[in-house]
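Asker: show me the folded form of this:
(one chain, ligands or ions: 2)
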Amino acid sequence: MHLILLGAPGSGKGTAAADLVKIYGIPHISTGDMFREAIKNQTELGKIAKELIDNGKFVPDEVTCGLVKDRLSQDDCKKGFLLDGFPRNINQADKLNDILKELGMKLDATIDLDVDHKLIIQRIVNRRLCSKCDASYNLVTKKPKKDGICDVCGAPLIQRKDDNEETIKTRLAIYSEQTEPLIEYYKKRNLLITIDSNKSAEHTTNLIVEALKKFN
Ligand code: ADP
Ligand code: ZN
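Answerer: Ligands and ions are numbered 1, 2, ... in the order given. Here you go, the predicted structure:
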């Protein structure tokens with residue numbers, strides 16, 4: 001299965017991705033996670049990405065596309081992949097077409113998680129993540145059993161630096177302007193699957209699995 005997961009920040013991409021990679025046994029390729037890892041390890045890439053990400057801006061396309069190309073060239077991607085957070089604009093989508101052609105791969109579908117923008121800010125400001133295992137919580141809809149502690153592994157929960165109301169507004173504006181046109185882009189190529197992501201994470205995953213049945 002060769003998939004792209006599309007959707008606004010807070011649309012539930014991360015949670016759906018975690019479910020899908022388990023179900024289909026494919027690698028999860030999240031450019032956001034790769035950048036955060038680079039920042040944590042203070043690599044050259046991390047230095048470029050930090051300030052941009054903290055302010056809700058994009059990392060330059062050349063950097064992002066190079067990173068994705070390297071990742072897709074690795075052996076584990078031969079059985080497929082789930083791209084999460086990439087492509088994020090038309091230029092990246094065109095570059096991805098070139099990369100896939102070069103690697104002899106073909107996209108099966110682009111899944112667009114459709115969510116009411118009013119829900120997004122609520123979801124993001126209340127989002128908390130495990131500092132160790134990446135499990136994701138929401139202080140309103142999916143509280144941890146013990147305040148500030150991960151149910152899965154017991155490590156402390158953290159809030160992403162870019163998950164504040166100010167930065168979210170920038171991220172949403174850039175999303176509408178640059179990423180939303182990809183919906184039309186993939187629709188034209190007959191690759192788009194639109195999924196209602198306004199309900200629970202579980203509901204979203206079930207809808208995706210149902211829609212992907214025709215590829216099994
Ligand atoms: P979210 O799912 O909340 O939108 P991500 O974890 O996917 O956030 O990405 C976090 C940040 O990393 C983005 O706001 C952006 O600064 C940077 N980033 C991630 N993917 C890309 C990309 N494909 N192109 C440019 N910047 C990116
Ligand atoms: Zn944890």
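
Asker: quick one: contacts for Ala16?
Answerer: By CB atoms under 8 Å, 6 or more residues apart in numbering, the contact set of Ala16 is Leu5, Ile111, Leu113, Ser197, Ala201, Thr204, Thr205, Ile208. For every residue, glycine as well, the C-beta is placed using N, CA and C.

Asker: and if we set it to 7 Å?
Answerer: By CB atoms under 7 Å, 6 or more residues apart in numbering, Ala16 lies in contact with Leu5, Leu113, Ala201, Thr204, Thr205, Ile208.

Asker: how near is the residue of the chain most remote from its centre to ligand 1?
Answerer: Ranked by distance from the centre of the chain (CA atoms, centre = their mean), the top residue is Lys146, with 27.0 Å. With distances taken as CB to the nearest ligand atom, to the nearest Å, Lys146 is found 25 Å from ligand 1.

Asker: check whether that residue sits in a helix, strand or coil.
Answerer: coil (DSSP: H, G, I helix; E, B strand; the rest coil).

Asker: report pLDDT for it.
Answerer: For Lys146, the model assigns a pLDDT of 97.

Asker: next one: Thr15
Answerer: pLDDT at Thr15 comes out at 87.

Asker: and it, what is it in contact with?
Answerer: With CB under 7 Å, 6+ apart, Thr15 has these contacts: Ser136, Ala201.

Asker: for ligand 1, see how far away it is.
Answerer: Thr15 is 10 Å from ligand 1, by CB to the nearest ligand atom.

Asker: now for the longest helix seen in the chain, which elements pack on it?
Answerer: With secondary structure taken from DSSP state H, the chain has its longest helix at helix 90-103. Applying 3 or more CB pairs under 7 Å, 6 or more residues apart in numbering; DSSP states H and E, one finds that helix 90-103 makes contact with helix 61-72, helix 181-188.

Asker: now the following helix or strand past the first one: how far from the chain's centre is it?
Answerer: From helix 61-72 onward toward the C-terminus, using DSSP states H and E, the following helix or strand is strand 81-84. Centroid displacement of strand 81-84 relative to its chain, using CA atoms, centre = their mean, to the nearest Å, is 8 Å.

Asker: I would like the residues contacting strand 81-84, please.
Answerer: By CB under 7 Å, 6+ apart, the list of residues contacting strand 81-84 reads 2-5, 13-14, 17, 20-21, 26-30, 72.

Asker: show me those that map onto helices.
Answerer: Lys13, Gly14, Ala17, Leu20, Val21, Leu72.

Asker: mind checking which of those are buried?
Answerer: Buried by 16 or more other CB atoms under 10 Å: Lys13, Gly14, Ala17, Leu20, Val21, Leu72, out of the ones in helices among the contacts of strand 81-84.

Asker: tell me the contacts of the first one?
Answerer: To tie it back to what came earlier, the one meant is Lys13. Leu5, Gly7, Asp84, Gly85, Leu113.
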